[in-house]
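**Q** here's a sequence, model it:
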Amino acid sequence: SDLEFENVDEAGGKMRPIAAGQVRKGGYVVIKGRPCKVSSLSVSKTGKHGHAKVNMTTYDIFTGKKLEDMCPSTHNMNEPVVERNDYTLIGIEDGYAHLMDEDGEVREDLTIPPETMGEEIIAAFEDDKDVTCGVISALGHDQIMTFRFQ
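**A** Below is the predicted model of the structure:
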């Protein structure tokens, strides 16, 4: 039987163990408690009694900040469970997006992104466009990461 092992970190986000040697470019790992997407990997061989080490360059999926890590290939790391959901923007109030999912459930807990993306979302919404926001969820954190409008 396929047993799915998941553990939950303090922030309430789901993770599963993954051997460092199984991490792939484009995959996700937790580094310094942050969910990161792997942009490059290299494996270095060590001496006759050492383990191969995996060097990885990653970017925080929410902030874009570069994080690097080195780990023996046989050691376990955590892989965050990353989910992406689309919501229809139905209102904006005090910098918060009012988002409705396909079941009609409304959430009002996410802020409009800062800078250009946020300005474009607000402009499209004020122009009576149908705005769909893509929300990424990982490690108990949700954030509007993409949008499109018609």
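**Q** how close does I18 sit to I122?
**A** 39 Å (Cβ to Cβ, to the nearest Å). Any C-beta I mention is one placed from the backbone N, CA and C, and that applies to glycine too.
**Q** where do the strands sit along the protein?
**A** Assigned by DSSP state E, the strands in the chain fall at 7-8, 14-19, 28-31, 34-44, 53-60, 66-72, 76-80, 83-93, 96-100, 106-111, 131-138, 141-149.
**Q** dump these into CSV; add mean pLDDT and distance to G118 as well.
**A** As requested, the strands of the chain are exported to CSV (pLDDT from 0 to 100; distance: least, Cβ to Cβ, whole Å):
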stretch, mean pLDDT, distance to G118
strand 7-8, 55, 31
strand 14-19, 94, 28
strand 28-31, 96, 25
strand 34-44, 95, 22
strand 53-60, 96, 19
strand 66-72, 95, 23
strand 76-80, 96, 25
strand 83-93, 97, 10
strand 96-100, 98, 9
strand 106-111, 97, 8
strand 131-138, 97, 11
strand 141-149, 96, 8
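**Q** ends of stretch 22-33, how far apart?
**A** Stretch 22-33 has an end-to-end distance of 19 Å (criterion: Cα to Cα, to the nearest Å).
**Q** distance between that stretch and the chain's centre?
**A** 11 Å (Cα atoms, centre = their mean, to the nearest Å).
**Q** list the buried residues for it?
**A** Neighbour counts using 16 or more other Cβ atoms under 10 Å place 23, 27-31 of stretch 22-33 among the buried residues.
**Q** which among these gets closest to G104?
**A** For the buried residues of stretch 22-33, the closest approach to G104 (Cβ to Cβ) belongs to Y28, at 30.1 Å.
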